[in-house]
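# need coordinates for the following:
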Amino acid sequence: MLPDLVLYQISEWLSEQRNHDLSPGDIAIRLDLISKVHGLEEAEKYFDGIPDTSRITIHVYGALLNCYAEHKSLDKAEATMQKMRELGFLKTSLSYNNMLKFYSRLGKTEKLDSVMQEMEKQGIDWNMVTFNIRLNAYEATSDIEGMEKLLMKMEADPEITIDWNAYAVAANGYLKAGLHEKTIEMLKKAEQLVSGKTRPIHIMSAYGAMGKVWNSVYLCMISSLVKLDDLDGAEKILEEWVSVTTFLDFRIPRVLITAYCEKGLLEKAEAYIERLKDSGMEVDPFTLDRLASGYRAHGQVEKAVETMKQALLAGLPGYKPNRFILAEHLEYLKEKGDVEAAEEILRLLRENCHFSTAICEKLRSYIHVESPSRRKGI
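Now for the predicted structure:
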């Protein structure tokens, strides 16, 4: 599309060439462009200078209403709407819908019903634009009852063809209200109306938000069962989560893996991590850190060192290993005389964990100082 300034210049040139032959539509376009390029005051001056024979038309007054709406001039917009009533210009849904949009933008949702009631009294049918404006307003204010009644009216109207967006809006309303089953119902209806294979971003966002809500519920349930020492119950809930989830969240299996590690059920922890890997999930360093802690606590130091190294290799921003575990691991490598492995750990710390050079140098110095036991040949 051409920029407004270019369009305005074209309009000015055309009016200079045939100023005597401007139609109401041409005048309406010029009025709109003057408002956008030069502001509302200049648009009003232009409007006042139009001869009555050309000015008092539905096109010109409709354009003036748009100008006031764009500049959020409520009093003048309402006064123009009243003038259009008096002139008998409100015969279609166009100006009513413009006013509905304007009220919605200003957050004056209490005004919407009176406008729509006036449309009914005047015998002007609500079209899809009218319904969508009101539906979005119900969703924005979390008026579930109003949203449901309007949606039923839309579905029952043979003149209205509901699109996917209406159901996506309803899904968002239900989601905010915590009505998850109804959210899924609306999303499914929306998907049935989408043409092509790609889901619109609105539907994808709603599914993503829905997944986060469900994940929070499962996370709370599994954490509670683990605190009650009911690992069997936690395992069942985790299996249910795996079967229904569409939004992967590693925090959820990590709760159970941590419980396995704390209780010494390291084989179960290992098996579950391998299962997650086989399913295509990349194990995050925080979970590997829990496994390393489990190995250390139950005397499997070599496995603890190797697992911590895997966690560091993941290079996740913000991850830092437990300093006490790190100290024990470096001490273990030092006692073993495996300076090369210790240096590798330090390199990963510096590159991936944002440890300062000063701290890494102190640790390196410590590693290279021979321990008393090794000096004595123990």
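
# next one: the helix or strand where K76 lies to chain centre, how far?
Assigned by DSSP states H and E, K76 belongs to helix 74-87. With Cα atoms, centre = their mean, to the nearest Å as the basis, helix 74-87 stands 38 Å off its chain's centre.

# and the angle from the next helix or strand along the chain from it to helix 74-87?
Helices and strands here follow DSSP H and E; after helix 74-87, the next one along the chain is helix 93-106. Going by axes from the mean of the first three to the mean of the last three Cα atoms, to 10 degrees, helix 93-106 is angled at 160 degrees with respect to helix 74-87.

# can you dump the C-alpha coordinates of helix 93-106 into PDB?
Extracted C-alpha coordinates of helix 93-106, given in PDB (Å, rounded to 0.1, in the frame of the first residue of the first chain):
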ATOM      1  CA  SER A  93     -24.300  -1.500  10.000                       C
ATOM      2  CA  LEU A  94     -21.200   0.300   8.900                       C
ATOM      3  CA  SER A  95     -21.400   3.400  11.100                       C
ATOM      4  CA  TYR A  96     -22.800   1.400  14.000                       C
ATOM      5  CA  ASN A  97     -19.900  -1.000  13.800                       C
ATOM      6  CA  ASN A  98     -17.400   1.900  13.700                       C
ATOM      7  CA  MET A  99     -18.900   3.200  16.900                       C
ATOM      8  CA  LEU A 100     -18.800  -0.200  18.500                       C
ATOM      9  CA  LYS A 101     -15.100  -0.500  17.600                       C
ATOM     10  CA  PHE A 102     -14.500   3.000  19.000                       C
ATOM     11  CA  TYR A 103     -16.200   2.200  22.300                       C
ATOM     12  CA  SER A 104     -14.300  -1.000  22.600                       C
ATOM     13  CA  ARG A 105     -11.000   0.700  22.100                       C
ATOM     14  CA  LEU A 106     -11.800   3.200  24.800                       C
END
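
# and for that helix, what's in contact with it?
Applying Cβ atoms under 8 Å, 6 or more residues apart in numbering, the external contacts of helix 93-106 come out as 62, 65-66, 69, 72, 74, 77, 81, 84, 89-90, 109, 111-112, 115-116, 118-119, 124-127, 129-130, 133-134, 136-137, 140. Heads up, the C-betas are built off the backbone N, CA and C, glycines and all.

# so which bits of that helix are buried?
Residues of helix 93-106 classed as buried by neighbour count (16 or more other Cβ atoms under 10 Å): 93-104.

# now do V213, the pLDDT please.
For V213, the model assigns a pLDDT of 60.

# could I get the helix holding K76 in CSV with only the CA atoms?
Output of helix 74-87 as CSV, limited to C-alpha atoms (Å, rounded to 0.1, in the frame of the first residue of the first chain):
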residue,chain,number,x,y,z
LEU,A,74,-15.5,10.8,22.0
ASP,A,75,-17.8,13.8,22.4
LYS,A,76,-17.4,14.8,18.8
ALA,A,77,-17.9,11.3,17.5
GLU,A,78,-21.1,10.9,19.5
ALA,A,79,-22.3,14.3,18.3
THR,A,80,-21.6,13.3,14.7
MET,A,81,-23.4,10.0,15.3
GLN,A,82,-26.4,11.9,16.5
LYS,A,83,-26.3,14.2,13.5
MET,A,84,-26.3,11.2,11.2
ARG,A,85,-29.4,9.9,13.1
GLU,A,86,-31.2,13.2,12.4
LEU,A,87,-30.2,13.1,8.8
